[in-house]
Structures are given as C-alpha cells and as structure tokens.
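A.B. asks: Here's my sequence, what's the structure:
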Amino acid sequence: MSISTIPTQDNLQVVNPYERTASVSRTTKETDINVTVNLDGTGKCNVNTGIPFLDHMLHQLCSHGLLDLDIQATGDIEIDDHHTNEDVGITLGQAIALAVGNRKGINRFGHFIAPLDESLIQVALDFSGRPHLSYGLDIPTQRVGNYDTQLVREFFVALVNHSQITLHIRQLDGINSHHIIEATFKAFARAMRMALEIDPRRIHEIPSSKGVL
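C.D. replies: The predicted model follows:
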C-alpha cells in the first residue's frame, strides 16, 4: 500500500493511506477505451477520444478537479459520436469507483456553482453508492461544432451509473450552448474534488452513519 501526502481544505498535510489510482479498459465491437485516473493528481491530462469537444470538456475535469487523466479511445465515430461518448463515460466512471475504493476518509459530499460569462451552473453530488442523475440543463442548440449536445446527458448518465454517485445538475442561467456545457464540467470537477478530499478527522472511517457506502 502506497503512502502519499495530500493537501486538505484546511491547508493541512495529512497522510492518505489509500492508493487512489486505477486503470480500466473496455473493448466492444464499437469502441476500445483505456482510462487511467489518479484522484490525487495535479491536473495532468492526456486525452484522445477522437471527439474534440469531449476532449476539451475532459480537460476541464483535469484542470479544475486536479485529476490526472489518461484516456485513449477509438470508436465508430464514422457513424456518430454516441458509442464513444457513452463508453468513455462508462469507463471513466468505473475507474473513479475503483480508485475511490471503500470511500474511507472522503468528505463524500461536494457542491459548486460555476459561472462562465452569462452561464451559471450548480452541481451537487454524493459518493453515496446509489447512482442517480437529476439533469437540469436546457441547451439551446442541437450542436456545438460537430458535437451533438444530447450527448452531454448521455455522458453523465454513463459516468453516474458506473461511478455510483448521486449527481444533481442545475442551470441557473445561460444562453450560449458552449458556455453552459463547459460551466457544467467545471462545476462537476470542483464538486467532485471537494467530495473526494480527505477529511483528516475521520481518515480511517467511512462517512456514513450506516458504516458502509
């Protein structure tokens, strides 16, 4: 078991006795996805999904969630982006769940409100072990560049189901599709970062009155 030292919200240094990295591969007749995640990273991002807009959003997860991500994906994007978009969400969700492990020591809950110009997005999440998505985006256009904006919801459905989190997304304002989506990924990244930070007062405890998540 590796030992790493990570910062907390209180600017303390605590020992994290859990190795919070994972690698997951998923191969189907439609896609081939390889994901490596480090939950205690510095924002390093090596992502190539074949979908430029999705890559741009995954960079937001790295930068604002301080995840180290390596995602290499190939898929049948000559048909459309749906299979690759969904399978990246599935595989990333599985990697996050594997890296978090039994959830000992984490804050568990996270929330953030992110503005991007005229757009304002609120995200709240819970590493509850009970997958649920409440999706409140009203994206005004069908596409951003070549990216089908319906795929934003499909990505989060896949990620939520396979990371086993409860996720609420609310659009408080916004008229620009790109801004709405990017603010969503930024808010999600910061909320997840908050939820996954180690609480030094119960570093060896599961954050639930039931004793299990």
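A.B. asks: is it true that residue 213 touches residue 104?
C.D. replies: No: Residue 213 is beyond contact range of residue 104, at 9.3 Å (criterion: CB atoms under 8 Å). Where C-beta positions appear, they are placed from N, C-alpha and C, glycine not excepted.
A.B. asks: Could you name every residue contacting both of the two?
C.D. replies: Residues touching both residue 213 and residue 104 by CB atoms under 8 Å, 6 or more residues apart in numbering: residue 206.
A.B. asks: Tell me the spacing between residue 137 and residue 187.
C.D. replies: Distance of residue 137 to residue 187, given as CB to CB, to the nearest Å: 11 Å.
A.B. asks: the more surrounded of these two?
C.D. replies: Neighbour count, other CB atoms under 10 Å: between residue 137 and residue 187, residue 187 has more, with 27 against 18.
A.B. asks: Please name the residues that touch that one.
C.D. replies: Residue 187 touches 112, 113, 114, 121, 122, 123, 169, counting by CB under 8 Å, 6+ apart.
A.B. asks: Same question for residue 114.
C.D. replies: 120, 121, 123, 183, 184, 186, 187, 190.
A.B. asks: repeat that with 10 Å
C.D. replies: Listed by CB atoms under 10 Å, 6 or more residues apart in numbering, the contact set of residue 114 reads 60, 64, 120-123, 182-191.
A.B. asks: so it sits in a strand?
C.D. replies: Yes: counting by DSSP: H, G, I helix; E, B strand; the rest coil, residue 114 falls inside a strand.
A.B. asks: Numbering from 382 from now on, please.
C.D. replies: Okay, using 382 as the starting number, the last item reads as residue 495.
A.B. asks: Now it: closest residue in space that isn't a chain neighbour?
C.D. replies: Once flanking residues are discounted, residue 495 sits nearest to residue 568: 3.7 Å by CB to CB, 6 or more residues apart in numbering.
A.B. asks: coming back round to it: okay, the contacts of residue 568 in JSON lines with pLDDT and distance to residue 523 next?
C.D. replies: Formatted as JSON lines, the contacts of residue 568 follow (pLDDT from 0 to 100; distance: CB to CB, whole Å):
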{"residue": "493", "pLDDT": "99", "distance to residue 523": "27"}
{"residue": "494", "pLDDT": "99", "distance to residue 523": "26"}
{"residue": "495", "pLDDT": "99", "distance to residue 523": "23"}
{"residue": "502", "pLDDT": "99", "distance to residue 523": "19"}
{"residue": "503", "pLDDT": "99", "distance to residue 523": "24"}
{"residue": "504", "pLDDT": "99", "distance to residue 523": "23"}
{"residue": "550", "pLDDT": "99", "distance to residue 523": "19"}
